[in-house]
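Asks: My questions are about this predicted structure, shown below with the sequence.
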Amino acid sequence: MLELEQFEVKLKRITINDLELLRQWRNSDFVRSKMVLKDIISKDQQLAWFKSIDNALNYYFIIEFEQKNVGVINAKNFSLENGFGEGGIFIGEPEYESSFAAVYASLCLLNFVFYGLENIHKSKVRILKSNERAIQYNKLLGYEILGNQKDDNSLLMELTKENFLSKGIKLNKAAAIFCEEKIALKWKGDPSEKNLPEINRFLSSKKSPWVIPAFQKL
């Protein structure tokens, strides 16, 4: 199982044992109100979904913060040919909505994708137009709203590696100040057919954790 860790969060790739927790979160009014798709999900639907994403092109992680599982973050539908994936995140525990959990989780995953995976150059997210908080946060990360959209309810936003490395670094530096010694990006897990070859190379190499170059002078 792939795990990423940075700042004060641990991202644990989901397993079949996590499905009921995910389903409870996803079906709660707190989470559904922020989703484009608002249907109640059955156990069978959740299992079918898991089987469809349990592969090398989709990465869903439980967010652990303050030693508690608080939400989910993902990078899905990777296209190595086009160099992009789709991002998404939700906090499932209402008391953590205003915490740093989502910020740290986003930075951890984006740092891994854009600093670590040479062939991935873009990330896209779809957000409800009414979720102004999420729109503004993604703009801070460097996401931009794409033009010529016909959907009345949601917005498609795109983040390029170039934008993240220039704009996202400000959030990285702020997180580094708050977290002091937890700025190194760590990963662990075993090579698997459910990982991209590039990720398997990281896991096989047993490389030391990264400290992002911009942090060296902090």
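Replies: It's in.
Asks: Show me the shaky parts of this structure.
Replies: 206-218 (pLDDT under 70).
Asks: Show me the helices in it, by range?
Replies: Under the criterion DSSP state H, the chain contains helices at 19-27, 29-32, 43-53, 101-111, 132-141, 161-163, 169-179, 197-205.
Asks: How far away from the center of its chain is the second one?
Replies: Here the centre of helix 29-32 is set off from its chain's centre by 19 Å, with CA atoms, centre = their mean, to the nearest Å.
Asks: coming back round to it: ok, which of the helices of the chain comes nearest Y60?
Replies: With CB to CB as the criterion, Y60 lies closest to helix 43-53 of these, at 6.2 Å. Just so you know, the C-beta spots here come from the backbone N, C-alpha and C atoms, and that holds for glycine as well.
Asks: which helices and strands does the closest one pack with?
Replies: helix 19-27 (3 or more CB pairs under 8 Å, 6 or more residues apart in numbering; DSSP states H and E).
Asks: on that earlier part again, name the stretch among the helices of the chain that sits most buried.
Replies: helix 101-111 (a mean of 23; mean count of other CB atoms under 10 Å).
Asks: residues in contact with that one?
Replies: Here helix 101-111 makes contact (CB atoms under 8 Å, 6 or more residues apart in numbering) with 4-9, 11, 61, 63, 65-66, 70-71, 73, 75, 87, 89, 91, 123, 137, 141, 159, 164, 168, 171-172, 175, 179, 185, 210, 212.
Asks: Tell me which of the helices of the chain sits nearest to G83.
Replies: That would be helix 161-163 among the helices of the chain, by CB to CB, at 8.7 Å.
Asks: Contacts for that closest one next, please.
Replies: Helix 161-163 has contacts (CB under 8 Å, 6+ apart) with 114, 120-122, 142-144.
Asks: quick one: strands adjacent to the biggest strand by length in the chain?
Replies: Counting by DSSP state E, the longest strand found in the chain is strand 68-79. With DSSP bridges as the test, strand 68-79 is paired with strand 59-65 (antiparallel), strand 84-91 (antiparallel).
Asks: Could you dump the helices of the chain into TSV and include distance to N153?
Replies: Shown next, in TSV, are the helices of the chain (distance: least, CB to CB, whole Å):
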stretch	distance to N153
helix 19-27	18
helix 29-32	14
helix 43-53	21
helix 101-111	22
helix 132-141	13
helix 161-163	25
helix 169-179	28
helix 197-205	34
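Asks: Which among those helices is found nearest to L80?
Replies: Of all the helices of the chain, helix 197-205 comes closest under CB to CB, at 9.0 Å.
Asks: Could I get the phi/psi values of K129?
Replies: phi -60, psi -30 (degrees, to the nearest 10).
Asks: can you put the strands paired with strand 68-79 in JSON lines and add mean neighbour count and distance to S28?
Replies: Compiled in JSON lines, those are given as follows (neighbours: other CB atoms under 10 Å; distance: least, CB to CB, whole Å):
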{"stretch": "strand 59-65", "mean neighbour count": "23", "distance to S28": "16"}
{"stretch": "strand 84-91", "mean neighbour count": "20", "distance to S28": "10"}
